[in-house]
Every structure is written in structure tokens, then in C-alpha cells.
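Student: Next comes the sequence, and after it the predicted model I'd like to discuss.
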Amino acid sequence: MTALPTRPDMDGIDTVQGLRPRVLPDLLNKAVADHPDWPALDFMGREWSYAELGAEVDQAAAGLERLGLKRGDRFALCLPNCPYYVVLYFAVLRLGAIVVNLNPLYSADELDHLVRDSGARMVAVPDVKAVSDKIVEVAADPAAGIETIVLCPFADILPRLKGLAYRLTRRSQTARAGDCLLFVPYSDLLAGGGTPSPVKLDPDDIAVLQYTGGTTGVPKGAMLTHANLAANSAQMRLHNFKQRDRQERTTAVLPMFHVFALTTVLNYSIDIAGEIVLLPRFEMKQFLASVKRKPPTQLFGVPTLWIALNGVPLENLPDMSEIRACVSGGAPLPLEVRQEFERRTGVPVVEGYGLTEASPIIACNPLYDGEVKDNSCGPAFPATVLEIRDHENPEKVMPLGERGEVCARGPQVMKGYWNRPDATERTMYDGALRTGDIGYLDEDGYLFLVDRIKDLILCSGYNVYPRTIEDAAYEFPAVGEAIAVGVPDHYRGEAPWLFVAPKAGMTIDVEELLEFLSHELSKIEVPDRIEVRPSLPKTPVGKLSKKDLLAQERDLIAGGAR
């Protein structure tokens, strides 16, 4: 394993204690004890101190205990970024129960599967009918198993005047306690006061069921333990070893129901007693205003965030000088995007890599000491081992520089998939997590990703990597977004197609782009078809969605439009 650095400024994190098994409520307990007066949360201008956050978590946990939530039960959070999410996350964990993360933008059918698969008895929803109605629809079938829906009013967590305006303007869109017999107002949890009964937590207990995106089939619940998630936070602290004599602040633009934000924005911020400025969704005007009002010192995002910021006129960008570094994850970061963002803002961006099953981070470029290598996602995270194995014969470890399946070992690797021992067995090899990604390690141990195994385009017997095509497309000045896919071809088996969207205020000439790519790619990699769209489909986290694009193409083919 990668040696853990021992540094005097790590506040007790060293080789011995840095990755000791911890339970997640202890992260909050320590922050409350050490810095009770520091701001913990900011939501649209309303603040909660660490003392206030800790007290509300205790009260909410006591309320959930009175409702019957107990150790091992599953409690689903179907919430955007807001104080309710943070409070209920730690309240559920404090009782020894398991958090199930649900995307509020999912359809009722998608939510129904996750609720049934996880066995969640209780669900928390905002009082936004567009979200709560879907859970009510799921709960209408007793076989779904939902017994309680905790209704969380948005107006109650806004500053007073904003709360009044919200009530007046959103009345028709707001769910009320009497709308459903299963609704329990969030305020009822706090009304009884008190603290929950002590529960002895084990670091090996499951803390979160984090469902994978389901790009290869039905979503599976990765069982992330307290030790897994707490370890990844400790690894972040070791990676970000230059602690400062000031409180860190993070703008939470990534949704915390996604594992990238769950670790980097929530767990890590609480672990270092940082302030979290919560944004319920990404909307550029609101994001820029938030950064101006409370400048972050660290920022985590997916590539589409940096692409979007690159499209903002320089005169509209707020001062970002307090940000030490931005960390990009969730999808490969095109070099041109990174370079343009750094040139425009003066803020460095480093790329990391991970996956749901690893809590999620397993590699990242150095923030301070060490080289940031172009198109690499960096060396292994502290206490992590990366292996490159033959994806068809995983017994074979590939030499340095040769491509193979990226495999990882470390304390952040999941316990397995919920109720899916078959899938767990396929995903693990001799204790190592098989990522499904093709990559290689250079002589310095830096990881370079080539593509997803399942995304390979098998063209005339050759492997064509979509990322190679996409990276070349991003070098064309007018291209802002790019997705390459393989489509069935009667002659070559599969043929590469490229979908692109232009940068703001620019247009893409297909013939010019094709001519450009013909010089950048081999003949077999040059796309058979290039299609320009105003924008490309994205996931709720903001990643470009190849899955949704392919679904759109299937619909066009089925409808005779292709």
C-alpha cells in the first residue's frame, strides 16, 4: 500500500491513527466539541453553527427513534442539498440505521425499484409536490413497504423573508401534512426533544446503500460501511495535508445523494469542521451569487461545471482567489477544459478518479507537492493499491505502461452489493475491486484512463476507444461538449459516431471538424457520423450521459428517423 505521510500539521492523522476505523457520527461529534461556534451550514443565507447542528441531529434522532427506526433499518433520503439532508443523514446513522440515497429527479418507477430493493421503511422528502407525489405513488402499494414519509418544509429552513415569499409563491406546488396519511412533519421529530438511546456502532456496520447508476443493467446497492466512508475522508485529509489556521468553506453544488459529494462535500467538510454552503440545484446565476457572497476555499465539481464556468464572461466571474484548488471527478476532464479554466480564473484544477464502490476516491493528482500530469487522474490515494490486470484473465498483472483493467485495494472499498452476492463475486478478484475501466500506470505510478470496458467500440476487429475520439474533438476550438458512441454497422460490426455541442456563442462546421479529426485520429477512429446538438444529455450530477444519448438514438431508430 502507498505509505501514509506523517506530518506535524495533520491534527492527529498519521500512519497509526489516520485510517483507524471510525464511525461517521464521531466526525460530527468531534467538530461540535472542538468548534461549537463555527458555522456548519449555510442555506440561502441562513446559518447553523456546529452546536446548533449537533443539537438538531440529536433531536431528530430521538424523534426517529420514537417513530420506530432502529439499528439495521433502512431510511431513504430523497432530498436535494439542504439542511434536512445533513441533519437526517447523521440522525439515521446515530441510531445504527442505514441511509439509502435516492435521486429526487428519478421517476416513480425508478424510485419504486430502489425502495423495494433496499427495503426502506421510511423516506424523507421535501414538501415539493413534484418530488413527494412520486414517493406517495410508490407508497400506495403496501408491498413497497413504506410506513412513514417525513415531510420537510422548505420555507422553514429559509431566512424569514425568503420563507414568507416561498410560501406565497409556491402554495400550489407545496405538499401539506394532511395530503397523505403516511406524512409525518419534520417538526414532529424535534417536538419531543431529548436525545436518542445510546447505540454501540461498529465501523464495519453498513452506513449507506449507494446505488450505482445502472448503466449496465438494474442498479445495485453498494454497501458502504462507516469504516469505508470515514477512511475516504481521512485519505482526503492526508492528500490535502496543508491544513490552515482558518476554517475551510465548500460550495455544495454537487448533489449529496451522489457519492462524490457525499464524501468530498459532506463527510470531509464535517471531518475538518468546515462550512458547507448548500445549493439545492445547479443554476449558474445562483451559483455565481453564492460564490461572491461566501467565497469557497475548496470546490469540487464534475467536468461540466468547469465547462459551464468557461462559458461565463470574464466580467461576470466572481473573485475566486480564496480557492486553493478545485478537484474534478465523476468523469474524465478534457485537458483543454482544465487549461482554459485555469487561464481564466488563476485557480488550479486537479483531476481525481473513483467509483461508487470505493466510497468513491482511489486516485488523485497532488494538490501541492508533486507533478500534476496532463490527462492523468494521478497516483493512488493514500493507503490504496492500484493494479492493472488483464480484463479477460484477471490473474495476469500487466507491466507498467500496458493497458488493462484498473483494480483497486484499500480501506474505502465496499463490503459488497446489497443482496447480490453474484454481482459482488464478479466485481471482486482476490480482494481487489474490478473497476470496469481500462487504463495503465506510468513509471511514476500515475494512472491514465483509456475508457470503460463496456464502452469499447469493436470496429473491424479493432478496439476503438471513445475517449480518444472525444479528447480529439475537444481540441477543436468550437466544441464545448462531446460524446462518442459505437453504433451497429453491418460491415464493420460497430462504427464510431460523434455527438457534439458548441461553446457559448460559437458554431460548429461539421466538415471542418471532420477534416480536423482526420488529422488527429487514425482512419479507423474517425467518426462515421458527426451530429451537432445545442446541448448533450446530462445526469442529475451534471456528467455527460452516454446512457441517455444512446436511449435517444434507440428511440429515433425505432421511430424510423434514423
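Tutor: Looks like it arrived, so ask away. Numbers count the residues shown, from 1 in each chain.
Student: burial count for Asp117?
Tutor: Residues within reach of Asp117, counting by other Cβ atoms under 10 Å, total 19. From N, CA and C alone the C-beta is placed, and that goes for glycine too.
Student: before we move on, what about the one 5 residues further on?
Tutor: A total of 25 residues lie near Met122 under the criterion other Cβ under 10 Å.
Student: now do Leu309
Tutor: As a burial measure, Leu309 scores 23 neighbours (other Cβ under 10 Å).
Student: how is the protein carved up into domains?
Tutor: Listed domain ranges for the chain are 26-201, 456-558 (source: automatic domain parsing).
Student: from the chain's centre, how far out does the longest one sit?
Tutor: Computed by Cα atoms, centre = their mean, to the nearest Å, the chain-centroid distance of domain 26-201 equals 20 Å.
Student: Now do the helices in the stretch 201-350 of the chain.
Tutor: In the stretch 201-350 of the chain, the helices defined using DSSP state H, counting those that start in this stretch lie at 226-239, 259-261, 268-271, 284-293, 303-310, 335-345.
Student: So for Pro80, which of those sits nearest?
Tutor: Across the helices of the stretch 201-350 of the chain, Pro80 has its closest neighbour in helix 259-261 (11.2 Å, Cβ to Cβ).
Student: Now that closest one: buried residues?
Tutor: Neighbour-count burial for helix 259-261 flags 259-261 (criterion: 16 or more other Cβ atoms under 10 Å).
Student: picking that back up, taking the domains of the chain together, which one is wrapped up most tightly?
Tutor: domain 26-201 (a mean of 19; mean count of other Cβ atoms under 10 Å).
Student: and the end-to-end length of that domain?
Tutor: 10 Å (Cα to Cα, to the nearest Å).
Student: for the protein, which spans come out with low pLDDT?
Tutor: Within the chain, the stretches with pLDDT under 70 are 1-18, 213-217, 460-461, 490, 558, 561-562.
Student: Show me the longest helix that occurs in it.
Tutor: helix 50-67 (DSSP state H).
Student: List the contacts of that one.
Tutor: Residues outside helix 50-67 that contact it (Cβ atoms under 8 Å, 6 or more residues apart in numbering) are 28-29, 31-32, 35-41, 48, 75, 86-88, 90-92, 94-95, 97, 122, 148, 184, 186, 188-197, 273.
Student: ok, of the buried residues of helix 259-261, which one's closest to Pro21?
Tutor: Taking the buried residues of helix 259-261 together and measuring to Pro21 by Cβ to Cβ, the closest member is Val259, at 19.5 Å.
Student: what residues are up against the closest one?
Tutor: Val259 neighbours (Cβ under 8 Å, 6+ apart): 101, 210, 222, 224, 356, 359-360.
Student: and Arg293, which of the domains of the chain is closest to it?
Tutor: Across the domains of the chain, Arg293 has its closest neighbour in domain 26-201 (7.6 Å, Cβ to Cβ).
Student: tell me the SS of Lys454?
Tutor: Following DSSP: H, G, I helix; E, B strand; the rest coil, Lys454 is assigned to helix.
Student: number of nearby residues for it?
Tutor: So Lys454, with other Cβ under 10 Å, has 10 neighbours.
Student: What count of nearby residues applies to the residue nearest to Gly431 when sequence neighbours are not counted?
Tutor: Excluding the flanking residues, the one nearest Gly431 by Cβ to Cβ, 6 or more residues apart in numbering is Arg409, at 6.3 Å. The local packing of Arg409 (other Cβ under 10 Å) involves 19 other residues.
Student: quick one, phi psi at Arg409?
Tutor: Main-chain torsions, Arg409, degrees, to the nearest 10: phi -130, psi 140.
Student: which residues does it contact?
Tutor: Contacts for Arg409 (Cβ under 8 Å, 6+ apart) come out as 1, 384-385, 387, 431-433.
Student: which residues in the stretch 401-550 of the chain form helices?
Tutor: 421-427, 466-474, 510-520, 546-558.
Student: Can you redo those as a markdown table, where the extra columns are distance to Arg237?
Tutor: As requested, the helices of the stretch 401-550 of the chain are exported to a markdown table (distance: least, Cβ to Cβ, whole Å):
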| stretch | distance to Arg237 |
| --- | --- |
| helix 421-427 | 28 |
| helix 466-474 | 31 |
| helix 510-520 | 41 |
| helix 546-558 | 33 |
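Student: Mind telling me what element the closest residue to Leu79 other than its chain neighbours is part of?
Tutor: Closest residue to Leu79 apart from its sequence neighbours, by Cβ to Cβ, 6+ apart: Tyr85 at 4.5 Å. Per DSSP states H and E: Tyr85 is located in helix 83-94.
Student: Following element in sequence after that helix, please.
Tutor: Per DSSP H and E, the first helix or strand lying C-terminal to helix 83-94 is strand 98-101.
Student: Pull up the pairing partners for that following strand, direction included.
Tutor: Strand 98-101 has its sheet partners listed here by DSSP bridges as strand 74-77 (parallel), strand 206-211 (parallel).
Student: any chance of the ones you listed in CSV, plus distance to Arg426?
Tutor: As requested, these are exported to CSV (distance: least, Cβ to Cβ, whole Å):
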stretch, distance to Arg426
strand 74-77, 24
strand 206-211, 17
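Student: Pick out the residue closest to the middle of the chain.
Tutor: Closest to where the C-alpha atoms of the chain average out (Cα atoms, centre = their mean) is Phe260, at 2.9 Å.
Student: Which residues are in contact with it?
Tutor: Counting by Cβ under 8 Å, 6+ apart, Phe260 has contacts 254, 300, 302, 329-330, 354, 360, 541.
Student: Could you pick out the buried ones from those residues?
Tutor: Buried residues within those, counting neighbours by 16+ other Cβ under 10 Å: 254, 300, 302, 329-330, 354, 360, 541.
Student: which residues touch Ala31?
Tutor: 38, 40, 50, 54, 270-271, 273.
Student: coming back round to it: got JSON lines for the contacts of Arg409, with neighbour count and distance to Gly346 too?
Tutor: Listed next are the contacts of Arg409 as JSON lines, based on neighbours: other Cβ atoms under 10 Å; distance: Cβ to Cβ, whole Å:
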{"residue": "Met1", "neighbour count": "12", "distance to Gly346": "35"}
{"residue": "Thr384", "neighbour count": "24", "distance to Gly346": "31"}
{"residue": "Val385", "neighbour count": "14", "distance to Gly346": "35"}
{"residue": "Glu387", "neighbour count": "20", "distance to Gly346": "37"}
{"residue": "Gly431", "neighbour count": "8", "distance to Gly346": "43"}
{"residue": "Ala432", "neighbour count": "20", "distance to Gly346": "40"}
{"residue": "Leu433", "neighbour count": "21", "distance to Gly346": "37"}
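Student: Dump those residues into JSON lines; add distance to Ser518 as well.
Tutor: Output for the contacts of Arg409, formatted as JSON lines (distance: Cβ to Cβ, whole Å):
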{"residue": "Met1", "distance to Ser518": "45"}
{"residue": "Thr384", "distance to Ser518": "40"}
{"residue": "Val385", "distance to Ser518": "41"}
{"residue": "Glu387", "distance to Ser518": "37"}
{"residue": "Gly431", "distance to Ser518": "46"}
{"residue": "Ala432", "distance to Ser518": "40"}
{"residue": "Leu433", "distance to Ser518": "39"}
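Student: Pick out the most distant pair among these.
Tutor: Met1 and Leu433 (14.2 Å).
Student: thinking again about what came up before, closest to Val500 out of the buried residues of helix 259-261?
Tutor: Phe260 (25.3 Å).
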